[in-house]
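Asker: Using only what follows, build the 3D model:
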Amino acid sequence: MDFPALFSPPFGLASLFGLSFLASTVIPLGSEWLLVMLLLQGHPAIAAVTVATLGNTLGACTTYLIGALGSGFLTHRILRLSEPELERSRRIYQRFGVWSLLFTWIPVIGDPLCLLAGAMRSSLPLFLVLVPIGKACRYAVLALITRQGMP
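Answerer: Numbering: from 1, shown residues only. Reported below is the predicted structural model:
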């Protein structure tokens, strides 16, 4: 199978799920480009946004668990989060509390926010409500912009 085939039907949504998951965990990737590409290929927006949100949320849960386990090795070696990134996210989390989880979709601060939520033992049920809301809004806005720009 060639590389472009991974992003075409029937593998497109599965690839989006995997990339969205990884983008919210170990590897600093972006999944937005694949969402746009799949929408331009005619994938249903609701399905693409749902799959991307689910993958990205499950990746965030992985990061939450790493924070809850408290391993500096995992934080610095696996997630590759620097002290300035952690400190910036720590300030945001202290300022806005659990509501800062609505902003876990923002590059650079999102993963550290999930990590801190785990480290601070934030309510997992609340985490599972707030994180998907923020991530779904990001993907939905991107899908809307993409669909508006389509002929």
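Asker: from here on, contacts and neighbour counts on C-alpha atoms
Answerer: Noted.
Asker: If you count neighbours, what's buried in stretch 114-126?
Answerer: Within stretch 114-126, the residues that qualify as buried are 114-119, 122, counting by 16 or more other C-alpha atoms under 10 Å.
Asker: same question but for stretch 45-61, I mixed them up
Answerer: Residues of stretch 45-61 classed as buried: 45, 48-61 (neighbour count, 16+ other C-alpha under 10 Å).
Asker: of all the buried residues of stretch 114-126, which comes closest to residue 88?
Answerer: Nearest to residue 88 out of those is residue 116 (C-alpha to C-alpha; 11.0 Å).
Asker: In contact with the closest one, which residues are there?
Answerer: Counting by C-alpha atoms under 8 Å, 6 or more residues apart in numbering, residue 116 touches 64, 67, 89-90, 93.
Asker: Of the residues you listed, which is the most crowded?
Answerer: Neighbour counts for the contacts of residue 116, by other C-alpha atoms under 10 Å, peak at residue 64, which reaches 27 neighbours.
Asker: so that one makes contact with residue 119?
Answerer: Yes - with contact taken as C-alpha atoms under 8 Å, residue 64 and residue 119 are classed as touching, separated by 7.5 Å.
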